[in-house]
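Visitor: prediction below, plus the sequence it came from.
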Amino acid sequence: MADSAETRKLVYLVTGGCGFLGEHVVRMLLQREPRLYELRVFDLHLGPWLEELKTGPVQVTAIQGDVTQAHEVAAAVAGAHVVIHTAGLVDVFGRASPETIYEVNVQGTKNVIEACVQTGTRFLVYTSSMEVVGPNIKGHPFYRGNEDTPYEAIHRHPYPCSKAQAERLVLEANGRKVHGGLSLVTCALRPTGIYGEGHQIMRDFYHQGLRLGGRLFRAIPASVEHSRVYVGNVAWMHVLVAQELEQRAALMGGQVYFCYDESPYKSYEDFNMEFLGPCGLRLVDTRLLVPYWLLMLLATLNALLQWLLRPLLLYAPLLNPYTLAVANTTFTVSTDKAQRHFGYKPLFSWEDSRTRTIRWV
Ligand SMILES: NC(=O)C1=CN([C@@H]2O[C@H](COP(=O)(O)OP(=O)(O)OC[C@H]3O[C@@H](n4cnc5c(N)ncnc54)[C@H](O)[C@@H]3O)[C@@H](O)[C@H]2O)C=CC1
Ligand SMILES: CC(C)CCC[C@@H](C)[C@H]1CC[C@H]2[C@@H]3[C@H](O)CC4=CC(=O)CC[C@]4(C)[C@H]3CC[C@]12C
């Protein structure tokens, strides 16, 4: 049957395979891709958990490498059937310079595309982001939007700019001839804010709550809604896309898909409380709101301090003018494009996603 050695013939490469999302993609592939023969996990920093995967029926090859180094990427891609490119520098806090963000997110993606072309790899799945669309610099709400909803996608921050540029490169590469004469088939997935096991910001909020005696203060009005998506479902969508891209190349090639599931639309803080509440934290009197002008003042102060302290130390708190604007702008998606195009249905229900995340926090 599907698990026999003859049916195992595909080689997958996951870049960023040791990150928050990447690890879930790696584990999902091992569980849900019966044709897998070899799984290459490429990352700047390899996780020790990879060792335990090396004893199974699939050959798991850990590759320590840098996507900004074209030769390292080409060596890892050579001979792979599918590349899932999740590696990226996720930084909206000013930890890395704009140049580094572009180098990793844009040049790194160029290197992955060129490696596919040079080595004859035909299928490329790119992890983009909702941030490619918005919220935009004008703070326009995006309410229950889909992939075709008109929206002024204008950005200034290096992270969304770099993701948008990289996504464009990936989509434009669809149809390019690869070594051997066949065509490259690409598509991009746009997760909204991902949560689940391994979500560091959730842990940061938890520890902050503990420091404040088990309380968190509401900063964003409950009416500002965000779409959030469970990491297991994002990973599942990547695996499904990778599996279906060959059969449905004409339909899916060059397309973008929002990543969605049944997680409820809520404000960023109310959503986090779904997990932090059962872990013993409470949101102080839900009618009391930290005034917006005070948040803006603090965010601006943080940005100023970051700039002043830069020569001495890295000061990169969660609150800055950009994160405040994102948290304070409604961004919700409502779409069934992934279901129509490749039969996606969330693998994990909201209850299941919630339970797993609470257990992890
Ligand atoms: N976390 C979120 O809410 C969202 C994330 N995304 C995208 O999903 C992808 C994965 O993000 P996360 O798992 O959250 O981030 P992460 O930081 O946990 O994972 C990224 C991985 O890429 C690796 N990496 C970074 N620079 C590299 C380089 N130069 N060469 C090789 N590997 C490198 C890191 O070591 C890390 O393991 C990113 O492309 C991000 O833009 C999209 C939407 C939402
Ligand atoms: C009390 C403060 C105002 C709360 C700050 C919360 C912020 C740290 C987070 C609010 C929204 C988050 C972003 C959003 O989920 C979309 C994202 C998509 C990505 O591709 C990367 C991560 C992120 C930018 C995410 C980052 C943290 C927030 C800004």
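Guide: Thanks, I have the structure now. Numbering: from 1, shown residues only. Ligands and ions are numbered 1, 2, ... in the order given.
Visitor: report the contact partners of residue 257.
Guide: Shown in contact with residue 257 (Cβ atoms under 8 Å, 6 or more residues apart in numbering): 147, 187, 188, 189, 190, 237, 241, 335, 337, 338, 341, 344. Bear in mind the C-beta positions are built from the backbone N, C-alpha and C, glycine included.
Visitor: show the pLDDT at it.
Guide: If you check residue 257, the pLDDT there is 98.
Visitor: confirm that it sits in a strand.
Guide: Yes: checked against DSSP: H, G, I helix; E, B strand; the rest coil, residue 257 lies within a strand.
Visitor: so in terms of bridging, what pairs with it?
Guide: Beta-bridge partners recorded for residue 257 (DSSP bridges): residue 189.
Visitor: any idea how many residues pack against the closest residue to ligand 1 within the stretch 251-361 of the chain?
Guide: Residue of the stretch 251-361 of the chain nearest ligand 1, by Cβ to the nearest ligand atom: residue 259 (7.7 Å). Per other Cβ atoms under 10 Å, the neighbour tally for residue 259 reads 29.
Visitor: OK, contacts around it?
Guide: Going by Cβ under 8 Å, 6+ apart, the list of residues near residue 259 reads 189, 190, 191, 192, 194, 229, 233, 234, 237, 338.
Visitor: what about those, which are in helices?
Guide: Taking DSSP state H, the ones among the contacts of residue 259 that sit in helices are 233, 234, 237, 338.
Visitor: export the contacts of residue 259 to a markdown table and tack on pLDDT, neighbour count and distance to ligand 1?
Guide: Compiled in a markdown table, the contacts of residue 259 are given as follows (pLDDT from 0 to 100; neighbours: other Cβ atoms under 10 Å; distance: Cβ to the nearest ligand atom, whole Å):
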| residue | pLDDT | neighbour count | distance to ligand 1 |
| --- | --- | --- | --- |
| 189 | 98 | 22 | 8 |
| 190 | 98 | 22 | 7 |
| 191 | 98 | 25 | 4 |
| 192 | 96 | 22 | 7 |
| 194 | 98 | 24 | 4 |
| 229 | 98 | 25 | 8 |
| 233 | 98 | 28 | 13 |
| 234 | 98 | 26 | 8 |
| 237 | 98 | 28 | 12 |
| 338 | 98 | 22 | 15 |
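Visitor: state the distance from the residue in the stretch 1-150 of the chain that ligand 1 sits nearest to to residue 301.
Guide: Closest residue of the stretch 1-150 of the chain to ligand 1, Cβ to the nearest ligand atom: residue 19 (2.0 Å). As judged by Cβ to Cβ, to the nearest Å, residue 19 and residue 301 stand 31 Å apart.
Visitor: now do residue 145
Guide: Taken as Cβ to Cβ, the span from residue 145 to residue 301 is 33 Å.
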